[in-house]
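Engineer: what would the 3D arrangement of this be:
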Amino acid sequence: MGKKGDLSAFERGMVVGARRAGLSISETADLLGFSRTTISRVYRQWAEKEKTSSERQFCGRKCLVDARGQRRMGSLVRADRKATVTQIANRYNQGRQKSISERTVRRTLRQMGYSSRRPPVTSMVYLIKWPVTADMAEAKIQEGYITVSGQKLFYREAVPAQNSSKPPVLLLHGIRFSSKTWQDLGTLHKVATAGHRAVAIDLPGLGNSSDAKAPSPLGEPAPPSFIKDVLDTLNMVPAAIISPSLSGMYSLPFVLSNPQNVAAYVPVAPICTDKFKAEDYSRVQFPALIVYGDGDEQLGEVSLLNLKNLSNSQVFCMKGAGHACYLDDPDTWHHRLLEFLDSVK
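Structural biologist: Sure, this is the predicted structure:
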């Protein structure tokens, strides 16, 4: 993203919304995946002229890895799925006049759809593509659209092979992800195989719901009626709700004002936790599993500070994991998630 002109109006709006919500330039860059220079200039342009469009074309860091370089980097990763970022950088720079840093390698891999682990010593890179095992095949996957407030939202659903009395599970997602993340990771299958109806939606403006308009600006709590309408339309009340990062702006207003419709809550370093008072959290009684990665020094710690006021909550810190901690260690994530859901009556 070397040019500000490459950003859509929606993406520029997200930058402005995040900064107005109180996020720093670095926090906004980490959340949205844009450079700090781009964040700074887009917001300054809006502040000076109260708009996010601009005739200036160039903004942000220079693109150091072109399409050919990305193909080469992808080949290196596929040749050795367990290679560290350091190893990939060294192999990529061999025979090149201008070398690139490990930071550039990590950023490029993230833009290409790879994710990185961050254990204490080194970083492991892997593709977010998980094989469908025999137990996963027991759950049936279907896709479709629902209409909420006159807008179409895409969803993926995994149905248990047998009828179950266990509560259904609604899976939301972060700003750089979609319902497909939960399918590729295997979470949809595993939750359904454990006996829960599992539904993952694409939030407004993202994934296959890109034409839908968000009910509130980025970083501002959405009306509680949004998630309520989603659950009512899907016939999922009461539901366990898994809510990482961006989706906190949708889930928190709902769970805190409609606790009777919540079977359980699994917040994963969500945004907007600071928009509510301690007593708002303490008065609800549904079971909650607060999840964050110990490498998430921003949203992880901020969200924990507020979410720990939930009166019936457990805290699960994923070691060596970052903001999207479920991607860094899927096995640990699935084990603890299913253990928690199994305890929900």
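Engineer: correct me if wrong: Ile141 contacts Arg156.
Structural biologist: Yes - at 6.5 Å, Ile141 and Arg156 qualify as touching, with contact defined as Cβ atoms under 8 Å. Quick note: C-beta positions are derived from backbone N, CA and C, even for glycine.
Engineer: in the stretch 51-200 of the chain, where is pLDDT below threshold?
Structural biologist: For the stretch 51-200 of the chain, applying pLDDT under 70 flags the ranges 51-63, 95, 97, 115-138.
Engineer: which residues of it fall in strands?
Structural biologist: Using DSSP state E, counting those that start in this stretch, the strands of the stretch 51-200 of the chain run over 114-116, 125-127, 140-148, 151-159, 169-171, 198-201.
Engineer: picking that back up, who touches both of Ile141 and Arg156?
Structural biologist: Contact criterion Cβ atoms under 8 Å, 6 or more residues apart in numbering; residues shared by Ile141 and Arg156: 183, 188.
Engineer: quick check: closest non-adjacent residue to Gly17.
Structural biologist: Leaving aside its sequence neighbours, Gly17 sits nearest to Leu218 (Cβ to Cβ, 6 or more residues apart in numbering; 3.2 Å).
Engineer: what pLDDT does the one you found get?
Structural biologist: Listed pLDDT for Leu218 reads 88.
Engineer: now the strands of the stretch 51-200 of the chain in JSON lines, with mean neighbour count?
Structural biologist: Listed next are the strands of the stretch 51-200 of the chain as JSON lines, based on neighbours: other Cβ atoms under 10 Å:
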{"stretch": "strand 114-116", "mean neighbour count": "18"}
{"stretch": "strand 125-127", "mean neighbour count": "18"}
{"stretch": "strand 140-148", "mean neighbour count": "14"}
{"stretch": "strand 151-159", "mean neighbour count": "21"}
{"stretch": "strand 169-171", "mean neighbour count": "26"}
{"stretch": "strand 198-201", "mean neighbour count": "28"}
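Engineer: got a markdown table for those, with distance to Ala47 too?
Structural biologist: Shown next, in a markdown table, are the strands of the stretch 51-200 of the chain (distance: least, Cβ to Cβ, whole Å):
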| stretch | distance to Ala47 |
| --- | --- |
| strand 114-116 | 33 |
| strand 125-127 | 37 |
| strand 140-148 | 33 |
| strand 151-159 | 30 |
| strand 169-171 | 36 |
| strand 198-201 | 33 |
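Engineer: circling back to that earlier point, these two touch, right, the residue nearest to Gly17 and Phe10?
Structural biologist: No - using Cβ under 8 Å, Leu218 is not in contact with Phe10, being 9.4 Å away.
Engineer: returning to that earlier point: which one of the strands of the stretch 51-200 of the chain lies nearest to Leu327?
Structural biologist: Closest to Leu327 of these is strand 114-116 (Cβ to Cβ; 4.5 Å).
Engineer: list the contacts for the residue sitting nearest the centre point of the chain?
Structural biologist: Closest residue to the average C-alpha location of the chain: Gly174 at 2.3 Å, with Cα atoms, centre = their mean. Residues counted as contacts of Gly174 (Cβ under 8 Å, 6+ apart) are 244-247, 323-324.
Engineer: tell me where the stretch 51-200 of the chain has helices.
Structural biologist: Counting by DSSP state H, counting those that start in this stretch, the stretch 51-200 of the chain has helices at residues 67-79, 85-93, 102-111, 179-185, 187-193.
Engineer: quick one: closest of those to Tyr145.
Structural biologist: helix 179-185 (11.7 Å).
Engineer: got the end-to-end distance for stretch 94-114?
Structural biologist: 22 Å (Cα to Cα, to the nearest Å).
Engineer: err, stretch 310-322, not the other one
Structural biologist: Start-to-end, stretch 310-322 (Cα to Cα) is 23 Å.
Engineer: and for Cys325, nearest residue in space, chain neighbours not counted?
Structural biologist: Gly293 (3.4 Å).
Engineer: so how far is Val199 from that neighbour?
Structural biologist: For Gly293, the distance to Val199 equals 25 Å [Cβ to Cβ, to the nearest Å].
Engineer: understood, closing this out.
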